[in-house]
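In: any chance you can model this:
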Amino acid sequence: MRISTSQIFQQGLSAMLEQQSKLMQTEQQLATGRRILVPSDDPAGSAQMLDLGQAVAVTKQFQENVKSAKERLGLEDSTLDSVTGLLQRVRSELAVQANNATQTNDTRAAISLEVQQRLNDLLSLANTRDANNEYLFSGYKGQVQPFAKTNTGFSYSGDQGSRYLQIGPTTQVATGDSGSDVFMAIRNGNGTFSMAGNVANTGNGVLGAGTLSGTTAYVPDTYSLVMGQQTTVTGGALGFTDTNSNDTLQYELRINGTLVYTGAEASSQTQAQIAASIAAQSGTTGVTAYVSGGVLYLAHTAPSATPITVNETLTGFTEGTDAVTGYFGSVLTGAAASNTLTVNAVPAGSYVVLNGAGAVVTAGAYQSGANIAFNGIQTRVDGAPNNGDRFTISQSANQDIFSTIQNLVNALAVDGSSQAGQARINNEIGRTLTDIDQAIGNILNIRARVGARLNTIESQQDTNDAASLQYQETLSGIQDLDYAEAASRLNLQQTILQAAQQAFIKVQGLSLFNFLR
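Out: Down below sits the predicted model:
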């Protein structure tokens with residue numbers, strides 16, 4: 001086979017260029033530390049590198065989300081901690097101090113100033129902004145101030161939303177709570193029912209804290225605890241003694257001077273009918289009546305310290321011996337045809353509990369501090385309430401925390417120079433203490449949820465770190481260079497290149513002209 005000189009040159013040059021290319025690739029690998037410089041170096045490995053690189057980038061973003069979530073939840077927790085401290089200050093120090101009977105109107109006014117300042121501080125905390133200058137408790141409306149005081153109370157302008165961040169492949173975490181859940185949707189009272197005294201009460205009765213009795217199922221309703229007097233009232237037929245058959249004896253019953261019932265000989269009335277007759281004239285007399293357990297109870301329709309007068313009269317008689325025994329026990333004769341009974345109003349001696357329909361649930365003799373239990377509710381009244389004084393026990397409703405503190409401010413403005421005024425203050429403060437307890441409990445529940453989220457974030461952060469390390473190790477195994485192998489290969493390639501170059505030099509000197517003379 002004949003080999004031309006140009007062919008020899010071309011093959012030698014190609015061989016040297018190939019070795020130079022390999023040498024250059026090895027040098028680039030050593031310079032970059034990468035085994036795969038272009039996809040063609042290892043197509044399968046390049047595909048794995050793309051997948052792993054994306055996984056590392058996604059995990060890095062998860063970790064950025066973790067950082068953001070921790071910062072926002074940490075701010076929420078510290079803010080709620082400040083709210084808790086503020087409420088405890090108002091409850092355990094200011095409210096308890098103001099509830100002391102030794103306080104005067106002036107000292108309560110001074111306490112009220114600090115309570116008002118604490119209310120302003122509470123509004124400021126509720127309008128806290130995060131690092132992005134967005135309101136922490138506005139839900140999705142981060143640029144809208146959530147809370148403000150209005151002419152009618154306090155308003156919430158945020159929404160019910162909670163923002164979520166993806167912190168793992170399958171894990172999302174809420175980075176906050178809506179202001180409605182934290183500050184607005186708080187059940188007043190004990191969370192089941194709420195208790196309050198009537199602002200018109202004239203006695204010094206103070207309603208105690210209400211609890212579930214534990215022995216009877218709670219029956220939701222709006223109950224009225226009415227203070228009154230129990231009386232001895234008989235029912236049945238009126239027993240007339242008529243010595244002259246030509247006259248017609250009649251019995252008349254008046255309450256506070258108003259005729260409420262007239263009965264002729266042989267007429268009959270049950271206790272319930274007598275109570276109904278009295279109640280029918282309550283708009284005029286200001287007195288109503290209730291029957292429970294065979295006892296008739298009289299009570300003012302509105303709180304009052306005025307006694308109730310009950311007058312029983314025998315009419316139509318002609319003989320001094322004519323007689324009748326009234327329903328309230330008066331023995332009336334022609335010689336003493338009228339008798340007035342005074343039912344004391346101060347203090348009240350009994351109580352009646354009415355449901356929302358006005359029906360009697362229970363009743364009994366009143367004793368200061370004694371338990372009053374009905375339909376799953378247990379409470380008590382301390383002090384000396386007057387006849388007609390009323391207390392309301394209603395189902396708990398949502399009440400914002402700001403109104404709770406405002407109620408305390410309002411209570412401290414009541415004139416406490418009278419026993420009735422002092423009792424009203426005590427009742428209002430007692431109700432506020434219970435409402436603040438509910439608010440503190442709600443804040444603690446929210447903080448527990450925040451703490452649980454922070455624990456989830458910490459756990460996911462560790463998981464993300466482990467996953468990222470695993471991805472990077474796998475990626476390194478695919479793309480990183482084995483320096484020892486590459487250095488050895490470089491030396492070998494340099495030797496091969498040098499050999500090729502030397503061989504080329506030798507070959508290029510071969511020519512037939514060198515042998516011609």
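In: and the most centrally placed residue in the chain, backbone torsions?
Out: Among the residues of the chain, the one closest to the centroid is Ile186, at 3.4 Å (Cα atoms, centre = their mean). Backbone dihedrals for Ile186, given as degrees, to the nearest 10, come out at phi -120, psi 120.
In: now do it against Val450, distance only.
Out: Per Cβ to Cβ, to the nearest Å, Ile186 is found 17 Å from Val450. Just so you know, the C-beta spots here come from the backbone N, C-alpha and C atoms, and that holds for glycine as well.
In: quick one: the helices in the stretch 101-250 of the chain?
Out: Here the stretch 101-250 of the chain has its helices, by DSSP state H, counting those that start in this stretch, at 105-126, 179.
In: can you name every helix or strand that the first one contacts?
Out: Identification of packing neighbours for helix 105-126 by 3 or more Cβ pairs under 8 Å, 6 or more residues apart in numbering; DSSP states H and E yields helix 43-89, helix 96-98, strand 147-150, helix 401-412.
In: what about the stretch 401-517 of the chain, any weak spots by pLDDT?
Out: 475-487, 489-490, 493, 497, 500-501, 506-517 (pLDDT under 70).
In: quickly list what Ala373 is bridged to.
Out: Gln378 (DSSP bridges).
In: neighbours of it, how many?
Out: Around Ala373 there are 16 other residues, counting by other Cβ atoms under 10 Å.
In: for it, what are its contacts?
Out: Ser213, Thr215, Thr216, Thr362, Thr379 (Cβ atoms under 8 Å, 6 or more residues apart in numbering).
In: looking at those residues, which is nearest Ala276?
Out: Thr362 (19.7 Å; Cβ to Cβ).
In: excluding chain neighbours, what is closest to the closest one?
Out: Phe374 (4.4 Å; Cβ to Cβ, 6 or more residues apart in numbering).
In: hmm, that neighbour is touching Val360, no?
Out: No: judged on Cβ atoms under 8 Å, Phe374 makes no contact with Val360 at a distance of 10.1 Å.
In: higher neighbour count, the two?
Out: For Phe374 versus Val360, the count of surrounding residues by other Cβ under 10 Å is larger for Phe374: 19 against 16.
In: residues touching the more buried one, list them.
Out: Phe374 neighbours (Cβ under 8 Å, 6+ apart): Thr216, Tyr223, Val353, Val361, Thr362.
In: same question, Asn386
Out: Here Asn386 is in contact with Asn201, Thr202, Gly203, Gly205, Met227, Pro303, Ser304, Ala305, Ala345, Val346, Pro347, Ala348 (Cβ under 8 Å, 6+ apart).
In: you'd agree the fourth one is up against Leu225?
Out: Pointing back at Gly205 there. No: using Cβ under 8 Å, Gly205 is not in contact with Leu225, being 9.5 Å away.
In: one step back: which of the contacts of Phe374 fall within strands?
Out: Tyr223, Val353, Val361, Thr362 (DSSP state E).
In: for the second one, which non-adjacent residue is closest in space?
Out: Once its chain neighbours are removed from consideration, Val353 has its nearest residue in Val361; the separation is 4.5 Å (Cβ to Cβ, 6+ apart).
In: give me the neighbour count for that neighbour.
Out: Val361 has 17 nearby residues by other Cβ under 10 Å.
In: surely it touches Tyr351?
Out: No: counting by Cβ under 8 Å, Val361 does not reach Tyr351; the two are 10.9 Å apart.
In: between Phe374 and Val360, what contacts are shared?
Out: With Cβ under 8 Å, 6+ apart as the test, Phe374 and Val360 both reach Val353.
In: buried residues in stretch 249-269, which are they?
Out: By 16 or more other Cβ atoms under 10 Å, the buried positions in stretch 249-269 come out as 249-256, 258, 260-261, 263, 265, 269.
In: that stretch: end-to-end distance?
Out: By Cα to Cα, to the nearest Å, the extent of stretch 249-269 from end to end equals 16 Å.
In: just stretch 147-155 next, same as before
Out: 6 Å.
In: pull the distance from it to the chain's centre.
Out: Averaging C-alpha positions (Cα atoms, centre = their mean, to the nearest Å) puts stretch 147-155 18 Å from its chain's average.
In: need the contact partners of that stretch.
Out: Leu123, Ala126, Asn127, Phe137, Tyr156, Ser157, Gly179, Phe183, Asp400, Phe402, Ser403, Gln406.
In: buried residues, it. List them.
Out: Neighbour count says stretch 147-155 has Phe147, Phe154 buried, by 16+ other Cβ under 10 Å.
In: cool, stretch 127-143 as well?
Out: Asn127, Thr128, Asp130, Tyr135, Leu136, Phe137, Ser138, Gly139, Lys141, Gly142.
In: again with stretch 239-247
Out: Within stretch 239-247, the residues scored as buried using 16+ other Cβ under 10 Å are Phe240, Asp242, Asp247.
In: ok now that stretch, how far from the chain's centre?
Out: With Cα atoms, centre = their mean, you get 71 Å for stretch 239-247.
In: just to revisit the earlier point, which of the contacts of Phe374 lies closest to Glu319?
Out: Distances from Glu319 to the contacts of Phe374, taken by Cβ to Cβ, are shortest for Thr362, at 45.9 Å.
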